[in-house]
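Colleague: With the input below, show me the fold.
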Amino acid sequence: MEAYAPLEAGDPQRIGPYRLAGRLGGGGMGQVFLASPPGGRAVAVKVVRAGLAEDAGFRRRFVREVEAARRVSGPFTAAVVDADPDGTPPWLATEYVPGLSLKAAIDAHGALPDGTVRSLGAALAEALESVHAAGVVHRDLKPSNVLLAADGPRLIDFGIALASESTRLTVTGAMVGTPGFMSPEQLRGGAVGPASDVFALGAVLAYAATGAGPFGGGSVHALNYRVVHGDPDLAGVPSGLADVVARCLDKDPGRRPTVPGLVGELGRASRTWPRDGAGWLPEPLTAEITRIVPAPPAAPTAPDAAPTAVRTAPYPGPPTGPSPRRGGRWLTQRRVLPGLAAVTVVVTVATTLVLTAGEPDADRTDRAAEPSPPVLKQLWSYGAQPNWTPVVEGGTVYFGEGDGIVHAVDARTGDGLWKRDRAWGSGNSLFLSGSRIYASGYTDSSLDGEHGRVWALDAGSGRRLWEYPVRAMLLGEVLSGRRLYFYYRGSDDWRSSVDALDTATGKKLWSHEAAVVWEMTAHGDVVYYVASSKEKPSPQLQALNARTGRPLWKAPFAEDVHARPASLTVLGGVLYAVGENGAVSAHDPGDGRRLWSSPTGLRDLDDSASPAVADGFVYVGGNNAQEDQGQVFAIDAKTGAVKWRSDVPPLSSSPTISAGTVYISTNSGELHLLNADDGTSLGKVRLANDRAPNAVVSDGVVYFGAGDGHLRAAAITR
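Modeller: Reported below is the predicted structural model:
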């Protein structure tokens, strides 16, 4: 199996003493290449992008971070072998270790057996011991930063670690970490130390043992809230490990076990590990990993203008991520909470662009009657990686990158129009309405206890217009007319606040105290939300006067929403809702009266649940966790009768309908096309390997990020 993509036009041929052979991946800090040193083993070379390399402050921080990374050594970490932080451009080289990330392995093969999880836990504890001994706190231990190699696991990516002596390779205000694996103190903006890595280790071991995070899925806001206030679900963790994992996940960092204590409790893996690692992984995983070896680097050749396909086995990912927002054209809300995309110390398997037509269904016998598969023709590539789904409006593509950077790109040519650095701190959501971009995100604890902020940017220039501080973690936002609404919860778990801001000035117009709000939308002069209380756990649909914040009415909402939010949207004068149990319902927006309800059986809706309405039908997609597949439904908007259902791989976004075609983006990197009339497949194309491609379709063109450091545009033809 090839594990890297060819070099592209404009890529360097050499960095320092290393001859570059191909692309391994990229992120907000730069591009990662596979390279060959003279007479040595293959290495991964991270090259810092030009914009950061020109920042003198960044260079100083990069020097300190490289020094910290050099101090990390151990049998279960990936070593830094060379670096030139003063070079033009700066770069860092680490050992190349062929293997699968823990996330990719779980996605492809399911939960790991008890013995493998125990071995993994012992090795990771020893790896953290090495990291902490170097005076570094990792801060982003997660399944994608754990590499499973044939000779044992590796803890990777110290580029977003912070040295204990306040060495910070981030912008002030950015939150480093991944939802579901960040500790409660990270989410609260408190002090972060080795105990935070212990919390993440507990979450990773629960994930390895069960195939799911201990705090479930759903929106980023809801997931973070459960980490801070909820109990972990350890039902599938083997009894011998459950106690260790539970203690690691204690809310109080002072009550968690220490890393040396865990090494003693789990065993020092380096003393007992087989020399070749034989037998530590299940056979299917071992066979998969042994095929991931880089081809001998060949002499560089001039790359084609368009990227060459790199074929790697797809690993359908578990459906995770926040619910898409309504009331504006959303640019972001992807499954990770963006902090700085920082220096990657090792990259393992390439995440590369694959522009290939989908294969027809092998079970179909009448191939002559099948429609021609869709084909992608690349139009342009822009050198920045969208962390979330872009938005196309008025001939411009807007998207958010790591580091809180917002880009505006000409949709026709791919030329950059403007870029706003550090526009929104550690961004959490970003959307467009009219001539403005609105964003919300997290800040740090230095801002007098503030935990969040809302920003407004000029869509034409990227200029910041205003910002509004919030003393709580935002849980949801929606825009309607001249008002921006958001809700959050304070110290009382059973109370929420719904606030309204004037979009012209950023000033607060009103605030409404409510029970636990699960989801919210707005239309015209009404704000709608679903809430439940400790005294009345059955959820209710409620409405507020958008101008004053005063209550208008309450109506029963029978769908359960206790574990994750419902989905609400107003389309065509009807309020549609998708409950946690998968039932799609229509309500009169004047009084909340239910017009009809249609069950779908979906249980794991996540960020694919928002309905779309076109030509008299409601289209909704979701994932069935029990069958590990996605489904798309077309429902009559007047009666609630199901017109058709189509089975697809697990979805990563809501259905998009355009010119009689339903477009479905999947977790495994594919874009599926369905006939809107009957749900039959019109084929598929692959946009990315082993990841959701952050794709949006507009006028027959798909704009997407495939994990290779670029935004790409490609025409879809059939």
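Colleague: My read is that Pro611 contacts Leu575, right?
Modeller: No: using CB atoms under 8 Å, Pro611 makes no contact with Leu575, being 10.7 Å away. Quick note: C-beta positions are derived from backbone N, CA and C, even for glycine.
Colleague: send the alpha carbons of the helix or strand encompassing Leu52 over as PDB?
Modeller: Following DSSP states H and E, one finds Leu52 within helix 50-53. C-alpha atoms of helix 50-53 as PDB (Å, rounded to 0.1, in the frame of the first residue of the first chain):
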ATOM      1  CA  ALA A  50       5.400  31.000   5.000                       C
ATOM      2  CA  GLY A  51       2.900  33.100   6.900                       C
ATOM      3  CA  LEU A  52       4.000  31.800  10.200                       C
ATOM      4  CA  ALA A  53       7.700  31.600   9.300                       C
END
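Colleague: what packs against the helix or strand just after it?
Modeller: Sequence-wise, the next helix or strand downstream of helix 50-53 (DSSP H and E) is helix 56-70. On a contact count with 3 or more CB pairs under 8 Å, 6 or more residues apart in numbering; DSSP states H and E, helix 56-70 meets strand 80-84, strand 162-163.
Colleague: redo that, cut-off 10 Å
Modeller: strand 43-48, helix 50-53, strand 80-84, strand 91-95, strand 136-137, strand 162-163 (3 or more CB pairs under 10 Å, 6 or more residues apart in numbering; DSSP states H and E).
Colleague: just to revisit the earlier point, find residues that contact each of Pro611 and Leu575.
Modeller: Contact criterion CB atoms under 10 Å, 6 or more residues apart in numbering; residues shared by Pro611 and Leu575: 568-569, 586.
Colleague: Rebuild these as a markdown table, extending it with pLDDT.
Modeller: Formatted as a markdown table, the shared contacts of Pro611 and Leu575 follow (pLDDT from 0 to 100):
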| residue | pLDDT |
| --- | --- |
| Leu568 | 82 |
| Thr569 | 83 |
| Ala586 | 90 |
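Colleague: Which positions within stretch 45-55 qualify as buried?
Modeller: 45-49, 51-53 (16 or more other CB atoms under 10 Å).
Colleague: just to revisit the earlier point, could I get the helices and strands packed on helix 56-70 as a markdown table with distance to Val701 and mean pLDDT?
Modeller: Compiled in a markdown table, these are given as follows (distance: least, CB to CB, whole Å; pLDDT from 0 to 100):
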| stretch | distance to Val701 | mean pLDDT |
| --- | --- | --- |
| strand 43-48 | 30 | 87 |
| helix 50-53 | 27 | 75 |
| strand 80-84 | 40 | 85 |
| strand 91-95 | 35 | 85 |
| strand 136-137 | 43 | 84 |
| strand 162-163 | 40 | 40 |
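Colleague: okay, those in CSV with distance to Gly267 next?
Modeller: Shown next, in CSV, are these (distance: least, CB to CB, whole Å):
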stretch, distance to Gly267
strand 43-48, 30
helix 50-53, 41
strand 80-84, 27
strand 91-95, 25
strand 136-137, 23
strand 162-163, 29
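Colleague: Show me the shaky parts of the stretch 1-150 of the chain.
Modeller: In the predicted model of the stretch 1-150 of the chain, residues 1-3, 26-29, 37-40 satisfy pLDDT under 70.
Colleague: picking that back up, so which of the helices and strands packed on helix 56-70 is nearest Gly705?
Modeller: Of all the helices and strands packed on helix 56-70, helix 50-53 sits nearest to Gly705, with 17.5 Å by CB to CB.
Colleague: now for the closest one, which elements pack on it?
Modeller: strand 30-36, helix 56-70.
Colleague: can you pull the contacts of Leu102?
Modeller: Counting by CB under 10 Å, 6+ apart, Leu102 makes contact with 112, 120, 124, 142-148, 153, 204, 207-208.
Colleague: now, which of those residues sits nearest Arg718?
Modeller: Distances from Arg718 to the contacts of Leu102, taken by CB to CB, are shortest for Ser144, at 34.3 Å.
Colleague: one step back: with distance to Ser461 added, can I get the buried residues of stretch 45-55 in a markdown table?
Modeller: Below are the buried residues of stretch 45-55 laid out as a markdown table (distance: CB to CB, whole Å):
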| residue | distance to Ser461 |
| --- | --- |
| Val45 | 36 |
| Lys46 | 32 |
| Val47 | 30 |
| Val48 | 27 |
| Arg49 | 22 |
| Gly51 | 18 |
| Leu52 | 22 |
| Ala53 | 25 |
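Colleague: Return the distance of Ala123 relative to Ser654.
Modeller: 39 Å (CB to CB, to the nearest Å).
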